[in-house]
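Q: let's see this in three dimensions:
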Amino acid sequence: MTDTARIFRDSAADRAHRAKWWTSRIAIYGVLILWAFICLFPIYWTVTTSFKLAPDVMKGNMVPWWDYTPRWKGWQSLGLSPDAIFQTSTVREEFLKRFLNSLVTSVTSSGLAVALGSLAAYGLSRFSYRFGFMKNSDISFFFLSQMILPPVVLALPFLVLYKSLALLDTRVGLILLYTLMVLPIVIWIMRDQFAGIPVELEEAALVDGLGIWGAFFQIVLPIALPGMVAAFILSLVLTWNEYFFAALLTSTDAKTLPVMVASQTGSQGINWWSMAALSSAAILPLVLVAVFLEKYIIKGMAAGAVK
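A: The predicted model follows:
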């Protein structure tokens with residue numbers, strides 16, 4: 001084979017390789033862009049609906065300044081529009097109260113779940129237990145299996161229990177329930193996180209003079225921090241969006257944002273613009289949390305904390 005033919009063959013193979021590489025990249029990024037569009041479209045629809053009037057909602061107009069002219073109708077109904085923000089508004093006060101209820105209950109219950117779940121997960125990953133026929137793996141699965149129960153099965157027992165304990169329509173009642181609700185998944189996530197940390201690090205810390213708690217807080221905890229943040233964010237999302245028990249166990253004082261969003265109905269039908277404005281305001285805190293804690297989420301996922 002001549003040098004010219006060899007060069008021609010190599011260049012043809014190189015072109016085919018580059019074409020294959022670009023085709024695969026275009027296909028991959030095309031699928032990712034499509035999936036991002038599917039995931040972000042409900043948020044886009046919600047935010048734009050909060051600036052629509054009733055005819056725009058019914059016609060299905062989608063593109064601002066093209067299909068319709070944005071108005072502050074939805075935000076005005078909450079007292080959050082520019083012309084109403086500095087005026088007295090009972091609706092805005094109600095919204096802020098529900099927002100505070102959601103913030104306090106979700107953050108507190110998520111923090112408690114991560115603290116308690118991390119301790120339980122550390123014990124399951126470092127020590128051997130036996131409870132009857134159940135070993136560590138069985139105990140871990142037992143915790144996770146509690147999430148299989150549908151909430152409606154627990155409705156009546158919790159209603160009776162909370163009535164007897166005077167916890168109905170209280171933040172404390174929701175915090176305790178939400179902590180119990182997300183605790184199993186925190187234990188499952190953190191067990192895998194702690195299992196990935198070598199025991200030799202703790203043994204070396206004990207040799208250097210640290211106690212068991214000292215080794216846990218100074219050695220293990222900093223390494224497991226990304227997984228804990230990932231577990232906290234997941235718990236925060238689950239508790240922030242919880243509706244069933246909030247609607248069942250609260251009436252006035254401890255009502256949360258999801259319950260307020262669902263109440264935007266009247267004799268004339270659903271108040272779409274107000275519901276969209278409420279939903280947009282409810283989405284914003286979670287978006288901010290995800291943006292500021294993104295590096296911890298990625299580290300937690302890369303370390304195998306979220307499976």
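Q: break down the stretch 101-250 of the chain into its helices, ranges please.
A: Listed in chain order, the helices of the stretch 101-250 of the chain (DSSP state H, counting those that start in this stretch) span 136-145, 151-164, 171-195, 199-207, 212-215, 221-240, 244-249.
Q: what about the first one, distance to the chain center?
A: Read that as helix 136-145. Helix 136-145 has its C-alpha centroid displaced from the chain centroid by 23 Å (C-alpha atoms, centre = their mean, to the nearest Å).
Q: residues of that helix that come out buried?
A: Residues of helix 136-145 classed as buried: 136, 139, 140, 143 (neighbour count, 16 or more other C-beta atoms under 10 Å). Using the backbone N, CA and C atoms, a C-beta is placed for each residue, glycine as well.
Q: ok, so of these, who is nearest residue 202?
A: For those, the closest approach to residue 202 (C-beta to C-beta) belongs to residue 136, at 17.8 Å.
Q: so the closest one sits right up against residue 121, yeah?
A: No - Residue 136 is beyond contact range of residue 121, at 10.7 Å (criterion: C-beta atoms under 8 Å).
Q: which stretches of the stretch 51-200 of the chain have low pLDDT?
A: In the prediction, the stretch 51-200 of the chain carries residues with pLDDT under 70 at positions 84.
Q: hmm, 80 instead?
A: For the stretch 51-200 of the chain, the stretches flagged by pLDDT under 80 are 53-70, 73-74, 76-91, 127-147.
Q: hmm, who's touching stretch 282-290?
A: With contact meaning C-beta atoms under 8 Å, 6 or more residues apart in numbering, stretch 282-290 is reached by 43, 46, 99, 102-103, 233, 236-237, 240, 257-258, 261, 297.
Q: can you lay out those as a markdown table showing neighbour count?
A: Below are the contacts of stretch 282-290 laid out as a markdown table (neighbours: other C-beta atoms under 10 Å):
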| residue | neighbour count |
| --- | --- |
| 43 | 13 |
| 46 | 19 |
| 99 | 17 |
| 102 | 25 |
| 103 | 15 |
| 233 | 21 |
| 236 | 24 |
| 237 | 16 |
| 240 | 23 |
| 257 | 24 |
| 258 | 20 |
| 261 | 19 |
| 297 | 18 |
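Q: tell me which two of the residues you listed sit farthest apart.
A: Distance extremes for those: the farthest pair is 261 and 297 at 25.5 Å, using C-beta to C-beta.
Q: ok, what's across the strand from residue 68?
A: Listed by DSSP bridges, the beta-bridge partners for residue 68 are residue 64.
Q: my guess is residue 249 contacts residue 168, does it?
A: Yes - distance between residue 249 and residue 168: 5.8 Å, which falls inside the contact criterion (C-beta under 8 Å).
Q: settle it for me: which of those two has more neighbours?
A: Using other C-beta atoms under 10 Å as the criterion, residue 249 and residue 168 rank with residue 249 on top: 21 against 18.
Q: residue 244 and residue 150 touch, don't they?
A: No - distance between residue 244 and residue 150: 9.4 Å, which falls outside the contact criterion (C-beta under 8 Å).
Q: any idea of the pLDDT on the residue nearest to the spatial centre of the chain?
A: Among the residues of the chain, the smallest C-alpha distance to the mean C-alpha position (C-alpha atoms, centre = their mean) belongs to residue 237, namely 2.6 Å. We note a pLDDT of 88 for residue 237 in this prediction.
Q: spit out the contact partners of it.
A: For residue 237, the contacting residues are residue 286, by C-beta under 8 Å, 6+ apart.
Q: also residue 68?
A: 52, 53, 56, 61.
Q: between the residues you listed, which has the most around it?
A: The most crowded member of the contacts of residue 68, judged by other C-beta under 10 Å, is residue 52 (24 neighbours).
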